[in-house]
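Peer 1: structural data only, the sequence is not supplied:
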Ligand code: UGA
């Protein structure tokens, strides 16, 4: 099939590349000229495991091409995916200007029947608004489908190739048939393609992300309570997670959820509720608790250093909002760095992938180590913000000799309590004994 993808962020690029992998002819469009030129030369613009192999293979096979020209994209694809940004507006709602602007441009360029697919995370009612934006510019027949993505950064290629489910929101038989044909190779294992109306599909995405954010936040509160009463959240988690109705995943407490999706989507669903006269009390609480959780280590650090950390130096391991990505959007590490700096502390950081992004944000306000060991030299304490695998088995002797005092504040519960005690560290983690 001929496919166009408008927008080559991580969703658009993964979608385009994976659809090319099953033999479709894919044309990706982006207004960013320099990005398109780089991709045309074979440069993958984001770090996403396994993407580079598929990207190069499909470019070589001439199944994956790039252009800046929207008209070329509209001409090429029988199915046109919109994978455009929906950033958070000042009031927390999703800003649809990119999506609706593109829809009206599509209307002006449409010459024959096409299926326009909303891949971006968009509030309930967007398919209707996209339909209106296109039809106000043209009489040519078209259908709009809501087809939310459930890709996790760091696993996006795998999630796309082997999805647990595909959600297709459409009221057009013709469009549904085309979409089912497109996704057939990805659901051979029997995972379902769930067909529904556009609005339910749009809400499915927000409900899924908000539920997961709520699950994490619930565990963060249980962890905070464990500390108060002397329980161990690792044990509570194991005891709860084995109940199949609860499930083991997304029960790991930490210093709050981040990224480009959960924070934005929870707020957007809360705002949508408000706009429709519905108060999502639970989401309001999730937003509030997560904001506090992101900085939960700060008062502990201050209290350890007798409420004066000015002039102290802190090593930070992990900057990305989670492992296997260079993405620092809403990363808890940023809030911790800002807070430490505002209290007069010095910060030296290391992350395997996210350093360039953090450098762009903080410049020379902090120092950047070449590796995890260097980051700890002469620091008063180590703070762990992201659970990259390479932080899981440090050389504790080296760590002790580098740090001024053997002190670790661990926002991701990487170490075994008994082991770290034996190594002689002061160790503060989340929901466990200090
Ligand atoms: C999330 C969803 O998991 C995807 O299904 C969805 O498609 C995507 O958003 C999106 O809307 O595009 P992602 O943002 O890549 O994916 O990250 P997750 O792996 O879900 O992690 C989100 C945050 O939750 C991270 O900050 C992570 O550290 C935190 N988390 C996750 C916990 O604190 N505890 C856990 O047990 C799990």
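Peer 2: Yep, that arrived. Here the structure is a predicted model, which means the values were calculated and not measured.
Peer 1: is the ligand within reach of the strand or helix carrying residue 287?
Peer 2: Taking DSSP states H and E as the definition, one finds residue 287 inside helix 281-293. No: Helix 281-293 does not reach the ligand (C-beta under 6 Å from any ligand atom); its nearest approach is 8.8 Å. C-beta: built from backbone N, CA, C; applies to glycine.
Peer 1: from the chain's centre, how far out does that helix sit?
Peer 2: Put simply, helix 281-293 sits 18 Å off its chain's centre (C-alpha atoms, centre = their mean, to the nearest Å).
Peer 1: if you count neighbours, what's buried in that helix?
Peer 2: Residues of helix 281-293 classed as buried: 283, 286-287, 289-290, 293 (neighbour count, 16 or more other C-beta atoms under 10 Å).
Peer 1: same check on stretch 82-93?
Peer 2: By 16+ other C-beta under 10 Å, the buried positions in stretch 82-93 come out as 82-86, 88, 92-93.
Peer 1: now do the contacts for whichever residue of the stretch 301-434 of the chain sits closest to the ligand.
Peer 2: With distances taken as C-beta to the nearest ligand atom, the stretch 301-434 of the chain approaches the ligand most closely at residue 322, which sits 4.0 Å away. Neighbour list for residue 322: 153-154, 258-259, 386-387 [criterion: C-beta atoms under 8 Å, 6 or more residues apart in numbering].
Peer 1: list just the nearest of the residues you listed to residue 189.
Peer 2: Proximity of those to residue 189 (C-beta to C-beta) peaks at residue 154, which lies at 21.7 Å.
Peer 1: and that closest one, how far is that from residue 320?
Peer 2: For residue 154, the distance to residue 320 equals 9 Å [C-beta to C-beta, to the nearest Å].
Peer 1: which of these two has more neighbours?
Peer 2: Legend: neighbour count by other C-beta atoms under 10 Å for residue 154 and residue 320, higher for residue 320 (28 against 20).
Peer 1: hang on, the more buried one packs against residue 386?
Peer 2: Yes: counting by C-beta atoms under 8 Å, residue 320 touches residue 386, with 5.3 Å between them.
Peer 1: find residues that contact each of the two.
Peer 2: With contacts defined as C-beta under 8 Å, 6+ apart, the residues shared by residue 320 and residue 386 are 331, 333, 351.
Peer 1: filter those residues to the buried ones?
Peer 2: Buried among the shared contacts of residue 320 and residue 386 (16+ other C-beta under 10 Å): 331, 333, 351.
Peer 1: all helices for the stretch 251-400 of the chain, in order.
Peer 2: Counting by DSSP state H, counting those that start in this stretch, one finds helices in the stretch 251-400 of the chain at the ranges 262-275, 281-293, 297-304, 332-342, 355-362, 372-375, 396-402.
Peer 1: repeat for the stretch 51-200 of the chain
Peer 2: Counting by DSSP H, counting those that start in this stretch, the helices of the stretch 51-200 of the chain are 51-60, 70-76, 97-109, 126-135, 156-161, 173-183, 198-229.
Peer 1: can you pull the buried residues of the second one?
Peer 2: To tie it back to what came earlier, the one meant is helix 70-76. 70, 73-76.
Peer 1: cool, and the fifth one?
Peer 2: Going by neighbour count (16+ other C-beta under 10 Å), the buried part of helix 156-161 is 156-157, 159-160.
Peer 1: from the chain's centroid, how far away is it?
Peer 2: Mean-position distance between helix 156-161 and its chain equals 14 Å (C-alpha atoms, centre = their mean).
Peer 1: other SSEs contacting that helix?
Peer 2: The contact analysis (3 or more C-beta pairs under 8 Å, 6 or more residues apart in numbering; DSSP states H and E) places helix 156-161 against helix 10-21, helix 51-60.
Peer 1: out of those helices, flag the one nearest the ligand.
Peer 2: Closest approach to the ligand among those (C-beta to the nearest ligand atom): helix 10-21, 6.5 Å.
Peer 1: now that closest one and helix 51-60, what's the angle there?
Peer 2: For helix 10-21 against helix 51-60, the angle by axes from the mean of the first three to the mean of the last three C-alpha atoms, to 10 degrees is 50 degrees.
Peer 1: quickly run through the sheet partners of the helix or strand following helix 10-21, with directions.
Peer 2: Sequence-wise, the next helix or strand downstream of helix 10-21 (DSSP H and E) is strand 25-29. Within its sheet, strand 25-29 is paired with strand 2-6 (parallel), strand 64-67 (parallel), according to DSSP bridges.
Peer 1: need the contact partners of strand 25-29.
Peer 2: Residues outside strand 25-29 that contact it (C-beta under 8 Å, 6+ apart) are 1-8, 12-13, 16-17, 19-20, 39, 58, 63-70, 72-73, 76-77.
Peer 1: same thing but at 7 Å, please
Peer 2: With C-beta atoms under 7 Å, 6 or more residues apart in numbering as the test, strand 25-29 has contacts from 2-6, 8, 12-13, 16, 19-20, 63-70, 72-73, 76-77.
Peer 1: just the buried ones from those?
Peer 2: Among the contacts of strand 25-29, those classed as buried by 16+ other C-beta under 10 Å are 3-6, 8, 12-13, 16, 19-20, 63-68, 70, 73, 76-77.
Peer 1: picking that back up, can you put the buried residues of helix 70-76 in JSON lines and add pLDDT and distance to residue 31?
Peer 2: Formatted as JSON lines, the buried residues of helix 70-76 follow (pLDDT from 0 to 100; distance: C-beta to C-beta, whole Å):
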{"residue": "70", "pLDDT": "97", "distance to residue 31": "8"}
{"residue": "73", "pLDDT": "97", "distance to residue 31": "11"}
{"residue": "74", "pLDDT": "97", "distance to residue 31": "14"}
{"residue": "75", "pLDDT": "97", "distance to residue 31": "17"}
{"residue": "76", "pLDDT": "98", "distance to residue 31": "16"}
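Peer 1: of all those, which comes closest to the ligand?
Peer 2: Among the buried residues of helix 70-76, residue 73 lies closest to the ligand (C-beta to the nearest ligand atom), at 22.1 Å.
Peer 1: same list (the buried residues of helix 156-161) but as a markdown table, adding distance to the ligand and pLDDT.
Peer 2: Listed next are the buried residues of helix 156-161 as a markdown table, based on distance: C-beta to the nearest ligand atom, whole Å; pLDDT from 0 to 100:
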| residue | distance to the ligand | pLDDT |
| --- | --- | --- |
| 156 | 8 | 95 |
| 157 | 12 | 96 |
| 159 | 7 | 96 |
| 160 | 10 | 97 |
